[in-house]
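In: My questions concern the predicted model and sequence given below.
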Amino acid sequence: MIGKPDHGAAMQIDLLDTFLDLCETRSFNRTAERLDVTQSTVSARIAALEAALGTRLFARSRAGTDLTMEGRRFESHARSLRHEWNEARRRIRLPDRAAQLIRLGIQNDLAAQHIGEWVADFRRALPETAFYIEPDYSNQMCADLLTGVQDFAVMFSPKPHPDLHFETVGEVPYVMVSSEAETLEQVSPDSFVFAHFSPAFERMHREVTPQLAGSAISVGQSATVASLLTAMGGAGYVLEKTATGLVASGHFRRVSDAPVLRQPVYAALHLRHRISPLHRRLTRIVRRRLAAAGPEPLDSPPRAA
């Protein structure tokens with residue numbers, strides 16, 4: 001354990017968390033803001049860690065804060081130590097009658113459409129496993145996988161990192177619906193809700209509908225787009241299943257020549273779990289479920305390039 005024994009385990013993890021955050025921000029002020037502590041606390045934690053290791057981890061100058069050679073060498077060890085600590089805490093705090101606990105992160109839009117069928121499959125495949133499930137956005141899930149807060153995640157936007165592993169498991173289609181327009185030419189930017197479900201989706205959206213990119217309303221969840229359209233009317237991209245429900249209500253129609261936008265879906269996990277049988281099983285279930293959703297109907301609008 002790093003540091004003085006009487007600091008306690010929590011204090012040691014605080015030192016690692018502070019060090020790793022400072023590796024990202026390279027700013028004592030910014031790290032203090034992000035960790036909700038004072039700058040003097042950040043300085044004290046780094047000083048304690050440096051004293052325990054017997055070397056300087058950061059060099060401070062007028063140009064800013066930078067890692068020393070020793071600091072760069074220690075960074076990967078710090079990430080491993082923090083991950084192992086969080087994983088150990090989870091493994092010894094199992095719910096009653098559970099052999100293991102898996103913490104899952106699922107992209108918000110995917111959770112809204114698929115969480116029931118996916119978790120039912122997870123439970124059938126792993127009956128002695130307890131699951132903690134948290135819908136979230138990709139950036140936060142990547143951070144949680146790195147720190148060990150989550151074990152497995154299904155997301156839209158992988159954030160490349162040496163300690164993370166990503167696999168493409170499928171895609172989900174989004175289609176444009178409108179309460180008033182039948183074709184793209186008739187869609188008004190004034191009543192359009194622009195969707196930015198992921199950076200990749202936003203790029204596709206702007207490429208195929210540049211005339212609508214200046215919309216006054218922009219949101220990041222299909223359910224929110226649907227809610228806004230239901231309340232105010234207009235047009236926007238929503239998940240295909242959501243579009244089917246809106247059209248069935250009689251108040252909306254699919255915009256006939258608007259391309260289907262397909263969002264890639266990724267399974268994400270810590271690199272150390274890449275060949276884990278359990279994580280491979282979860283990945284296969286998600287891939288199979290997304291494939292079972294099937295292709296779009298033959299009479300649907302053309303797919304975006």
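Out: In hand now; what should we look at?
In: Just the helices from the stretch 1-150 of the chain, written as ranges.
Out: 9-25, 28-35, 39-53, 69-91, 108-125, 138-147 (DSSP state H, counting those that start in this stretch).
In: With only the CA atoms kept, save the helix or strand encompassing residue 236 in CSV.
Out: Assessed by DSSP states H and E, residue 236 sits inside strand 235-239. Presented in CSV, the C-alpha positions along strand 235-239 are these (Å, rounded to 0.1, in the frame of the first residue of the first chain):
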residue,chain,number,x,y,z
ALA,A,235,-39.7,16.9,-37.3
GLY,A,236,-36.6,15.0,-36.1
TYR,A,237,-34.7,11.8,-36.0
VAL,A,238,-35.8,9.1,-33.4
LEU,A,239,-35.0,5.4,-32.9
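In: List the contacts of the next helix or strand after that strand.
Out: With elements assigned by DSSP H and E, the helix or strand that comes after strand 235-239 is helix 240-248. Helix 240-248 has contacts (C-beta atoms under 8 Å, 6 or more residues apart in numbering) with 113, 172-175, 177, 222-223, 226, 229-230, 238, 252-254, 260, 296. All C-beta spots, glycine's among them, are computed from the backbone N, C-alpha and C.
In: can you give me the helices for the stretch 201-305 of the chain?
Out: Counting by DSSP H, counting those that start in this stretch, the helices of the stretch 201-305 of the chain are 222-232, 240-248, 277-292.
In: mind checking which of those helices is nearest residue 53?
Out: Of all the helices of the stretch 201-305 of the chain, helix 277-292 sits nearest to residue 53, with 32.7 Å by C-beta to C-beta.
In: in the longest strand seen in the chain, what's buried?
Out: What stands out as the longest strand in the chain, according to DSSP state E, is strand 164-178. Neighbour counts over strand 164-178 (16 or more other C-beta atoms under 10 Å) mark 164-167, 169-170, 172-178 as buried.
In: and residue 290, which of the helices of the stretch 1-150 of the chain is closest to it?
Out: Proximity to residue 290 (C-beta to C-beta) singles out helix 108-125 among the helices of the stretch 1-150 of the chain, at 8.0 Å.
In: re earlier: summarise which helices and strands the strand holding residue 236 is packed against.
Out: helix 108-125, strand 164-178, strand 192-195, helix 222-232 (3 or more C-beta pairs under 8 Å, 6 or more residues apart in numbering; DSSP states H and E).
In: If we use 6 Å, what do you get?
Out: For strand 235-239, the packing partners by 3 or more C-beta pairs under 6 Å, 6 or more residues apart in numbering; DSSP states H and E come out as strand 164-178, strand 192-195, helix 222-232.
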